[in-house]
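> Have a look; sequence and predicted model below, questions after that.
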Protein chains: 2
Amino acid sequence: MTDLTRLTASEAAAQIAAGSLTSEALVSACLKRIAARDPALKAWAFVDPEIALAAARLCDAVARPLGPLHGVPVGIKDIIATADMPTGMGSPIYEGHRPLNDAACVAQIRAAGAVVLGKTVTVEFAGMAPPPTCNPHDPTRTPGGSSSGSGAAVADYHVPIAFGTQTAGSVHRPAAYCGIVGFKPGFDLYNLHGVRPAAQSLDTLGTLSRSIDDATLMMAVLVGRDYAPIPETASPPRIAFCKTHLWDAARPETVAAMEDARTRLSAAGAQIIELDLAPAFAELTPARDIMSSYERARATLWEFTHHRDLLSPQLQKAIEKGLGWSFEQYREAIAQGARCRGLLAEAFAGFDAIIAPATEGEAPVGLDSTGDHAFIGFWNLLHAPSFVLPTHRGPNNMPVALQMIGPYAGEDSLIAVAKWVAARLAPQG
Amino acid sequence: MTDLTRLTASEAAAQIAAGSLTSEALVSACLKRIAARDPALKAWAFVDPEIALAAARLCDAVARPLGPLHGVPVGIKDIIATADMPTGMGSPIYEGHRPLNDAACVAQIRAAGAVVLGKTVTVEFAGMAPPPTCNPHDPTRTPGGSSSGSGAAVADYHVPIAFGTQTAGSVHRPAAYCGIVGFKPGFDLYNLHGVRPAAQSLDTLGTLSRSIDDATLMMAVLVGRDYAPIPETASPPRIAFCKTHLWDAARPETVAAMEDARTRLSAAGAQIIELDLAPAFAELTPARDIMSSYERARATLWEFTHHRDLLSPQLQKAIEKGLGWSFEQYREAIAQGARCRGLLAEAFAGFDAIIAPATEGEAPVGLDSTGDHAFIGFWNLLHAPSFVLPTHRGPNNMPVALQMIGPYAGEDSLIAVAKWVAARLAPQG
């Protein structure tokens, strides 16, 4: 008998549309998996089986699919507003908080027929204090963050796809550590209304899923176009391998993954370019840190003023740091990002996509940190669309991922190249 | 005896800091003015004198100013979240809605000592359906929108300064029609957390005040620097006069204001440049319309799905239009904006600021429309900082304004040039 929880969102949507699967059966399977696994995994902040099943039965009762997500369960990071479920932001200040309205992205997926399965655990305000969520591949390790619950739940087959948000590495790090597909479009493409801001010049909504097609499906819903899978590039792409200024921090498994990818993609016919970024790009790491904490401090000022004792020590410290930057320092950080965006756009004339490390290595042991986001954060500041693909394994058999970056507004071509790459780097056996 | 309601925010802050004025006296004077005038003007969506007076007394009780707005009353557009006052969004769907937290900008001004006087009337979701607010110069005319209450309240001396937001012309149009100073910084400079989005790639927080210094004061608070008035440029600036592709729509009073300004500023020593924008800029008018309605439709999808009958016919139509644009059309509109931003940045090598029309002419008669935003909207898409300055009067003795646009990230130099210009165009007698 098929394990329905193994279906991807696009597979499930196709079967539901064809009448060979009911949303209720799929949602029931997901709920059973959650009941069995989540007491240990702690990926969910809120699940009410009755709400989810009622939505699934409604889907099954209508004559034709509402949209390309009809009947498909989706996990919602708990900084994203839902009118029928609490939105706790990972903070005791918002425990049980019930927004009046759905976030734009929630309204959009519901209009496309999706079933909101529940709210996934988030790091406090999508920041830095680690949540109790475990990595499904090894419960002694972090799933990454801040979209910790979305990463763990999708990797552990609780739900085929979930929303995450990224300010530094909050979509891609959990995707990499949990061994699934992370996707974020270019900055500002997906509507952020109802998503709690961390840093408004960096925040991007993204998805965690187990297939590239599912990221494509969600993009179709959110930008408002019909869904069809985007096929891989017809001819082998030109791929720039970029070690980045952080290469010294890459652990052996990341070094090995980059080398293996280069060898196999070259053998498959890809034109491989070595990309050495200009020294200006190294300054993006401190620039992103300034922008993020400057903006986060302002976005969290009400909580800092009225509920400081309910904020984690890490967040208090980040807010204090953010209030300490001068306007000139902030302005220079913004300008540095703009300069490098210009340089990156010029560089893309020479290749179709960049492959770069996603993380230093496997998910670290311990739940007292969600790991390091440096390999992701500076690309995020560049506003480019990007994937994390689960291509390799490390010495502890934990997932090791590669990051793929496309040009601004080049989501579709990036998807086509990512599919070409993923097919050629698929684990053997 | 001084009429305290005539004080600007910076004058009031200086007197309160010096101990020669109490916040309670100032707030009481504002409340009295509101009680006398607002039943006819309808600028306020919510004022609770006890809340405002309690905050003023708290200010008066502390030993030293909390910040540069200490004791100064501020009006808050009613799409901006306040924890202690309802935030109605100009929509029956949100009537009496009480957010859990303050918006970032409200938390920031409170941390700087400001007294939130109340919530000013907004057009429904900062969109297009006209509110009942009148123009204080002529109650048969619109005050403009969507920051209608902020414009009318500041112009009618209910409060020295108020927040507005601009997606097309929602700060500058009410400033122009009401004869006060409108200021919006470059896109994304002021924190938008807690401000209801209309269109996220266009929305900008701004201020309506009766002096340029007050806009500067608020900018200091919101970006986190000490406040000092920015003096006018030491030498006469280079000013580009730009009629724009919409010049045929300019009514005689706007044509006369542009001509008079050119003559007087030239006589005062300014170097005058004639700026003919490239034809690409004319395409920004339809591009902005596509971006705005595409994004607004998504940001309002929950209300459209669940409370369509409570939305104005205008908004329903705008949402339907926004859902009708294809992703390719939206993408092309975004790209058009980016191209013109590049062209504008190059053009700024030749001058310090641009002067352009703000509106077609005086505020139109009737409250069934908030007027036309075309002369403002396409500049807003360019993400540049800008002022509206109340420099002239029209045939009905209604205010006629000029718009001044500065380079991206050039707020401080724009302020200095605007002060030079305002001093030379001050009404005589």
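All right, it came through fine.

> So which bits of the stretch 151-300 of chain A are right by chain B?
A:188, A:191-194, A:196-197, A:200-201, A:223-225, A:294-295, A:298-299 (CB under 8 Å from any CB of the partner chain). Just so you know, the C-beta spots here come from the backbone N, C-alpha and C atoms, and that holds for glycine as well.

> Inside helices: which ones of the residues you listed?
A:223, A:294-295, A:298-299 (DSSP state H).

> Adding neighbour count as columns, could you present these in JSON lines?
Below are these laid out as JSON lines (neighbours: other CB atoms under 10 Å in any protein chain shown):
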{"residue": "A:V223", "neighbour count": "20"}
{"residue": "A:Y294", "neighbour count": "27"}
{"residue": "A:E295", "neighbour count": "25"}
{"residue": "A:R298", "neighbour count": "28"}
{"residue": "A:A299", "neighbour count": "26"}
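
> Identify, from those residues, the entry nearest to A:P92.
A:A299 (18.0 Å; CB to CB).

> Mind pulling up the pLDDT for the closest one?
With respect to pLDDT, A:A299 scores 98.

> just how off-centre is stretch A:167-175 within its chain?
5 Å (CA atoms, centre = their mean, to the nearest Å).

> Dump that stretch to PDB, keeping only the CA atoms.
This file holds the C-alpha atoms of stretch A:167-175, laid out as PDB (Å, rounded to 0.1, in the frame of the first residue of the first chain):
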ATOM      1  CA  THR A 167      16.400  37.100   6.200                       C
ATOM      2  CA  ALA A 168      19.900  35.500   6.400                       C
ATOM      3  CA  GLY A 169      19.600  31.700   5.900                       C
ATOM      4  CA  SER A 170      16.200  30.800   7.400                       C
ATOM      5  CA  VAL A 171      14.800  28.900   4.400                       C
ATOM      6  CA  HIS A 172      18.000  27.400   3.000                       C
ATOM      7  CA  ARG A 173      19.700  26.400   6.300                       C
ATOM      8  CA  PRO A 174      16.900  24.100   7.500                       C
ATOM      9  CA  ALA A 175      16.500  22.800   3.900                       C
END
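
> State the mean pLDDT of that stretch.
Per-residue scores along stretch A:167-175 average to 97.

> Stretch A:345-355 too?
Taken as a whole, stretch A:345-355 carries a mean pLDDT of 97.

> Buried by neighbour count: which residues of that stretch qualify?
A:347-348, A:351-355 (16 or more other CB atoms under 10 Å in any protein chain shown).

> What segments of the stretch 101-250 of chain A are strands?
Using DSSP state E, counting those that start in this stretch, the strands of the stretch 101-250 of chain A run over A:115-120, A:161-166, A:181-184, A:204-209, A:238-241.

> What helices and strands are in contact with the last one?
Counting contacts by 3 or more CB pairs under 8 Å, 6 or more residues apart in numbering or on different chains; DSSP states H and E, strand A:238-241 packs against helix A:252-267, strand A:271-274, strand A:353-357.

> re earlier: nearest to A:A111, out of the residues of the stretch 151-300 of chain A next to chain B: which one, please.
A:G224 (10.1 Å).

> Show the contacting residues for the closest one.
B:294, B:298, B:323, B:325-327 (CB atoms under 8 Å, 6 or more residues apart in numbering or on different chains).

> These: which ones sit near chain A?
B:294, B:298, B:323, B:325-327.

> Make sure A:P385 is actually in contact with A:G410.
Yes. Between A:P385 and A:G410 there is a contact at 6.4 Å, judged by CB atoms under 8 Å.

> Same drill for those two, tell me which one is more crowded.
A:P385 (27 against 19; other CB atoms under 10 Å in any protein chain shown).

> residue ranges for the strands of the stretch 251-400 of chain A, please.
Going by DSSP E, counting those that start in this stretch, the stretch 251-400 of chain A shows strands at A:271-274, A:353-357, A:386-393, A:399-405.

> TSV for those, including distance to B:G67?
TSV is the format used below for those (distance: least, CB to CB, whole Å):
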stretch	distance to B:G67
strand A:271-274	52
strand A:353-357	43
strand A:386-393	40
strand A:399-405	42
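
> quick one: which of these is nearest A:A114?
Per CB to CB, nearest to A:A114 of these: strand A:386-393, 21.7 Å.

> Could I get the average pLDDT for the closest one?
Mean predicted lDDT for strand A:386-393 stands at 98.

> Could you tell me the angle between it and strand A:353-357?
Comparing the axes of strand A:386-393 and strand A:353-357 via axes from the mean of the first three to the mean of the last three CA atoms, to 10 degrees yields an angle of 50 degrees.

> So what are the sheet partners of strand A:386-393 and their directions?
strand A:181-184 (antiparallel), strand A:399-405 (antiparallel) (DSSP bridges).

> With mean neighbour count and mean pLDDT as added columns, please give these in CSV.
Supplementary listing: the strands paired with strand A:386-393 in CSV, determined by neighbours: other CB atoms under 10 Å in any protein chain shown; pLDDT from 0 to 100:
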stretch, mean neighbour count, mean pLDDT
strand A:181-184, 29, 98
strand A:399-405, 25, 98
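
> Now for A:V62, how many residues are close by?
11.

> so what's the backbone phi/psi at it?
phi -80, psi 150 (degrees, to the nearest 10).

> residues contacting the residue nearest the centre of chain A?
Centroid-nearest residue in chain A: A:V171, 2.4 Å away (criterion: CA atoms, centre = their mean). Shown in contact with A:V171 (CB under 8 Å, 6+ apart): A:147, A:164-165, A:182-184, A:204, A:206-208, A:388.

> Looking at those residues, which one is closest to chain B?
A:T204 (11.6 Å; CB to the nearest CB).
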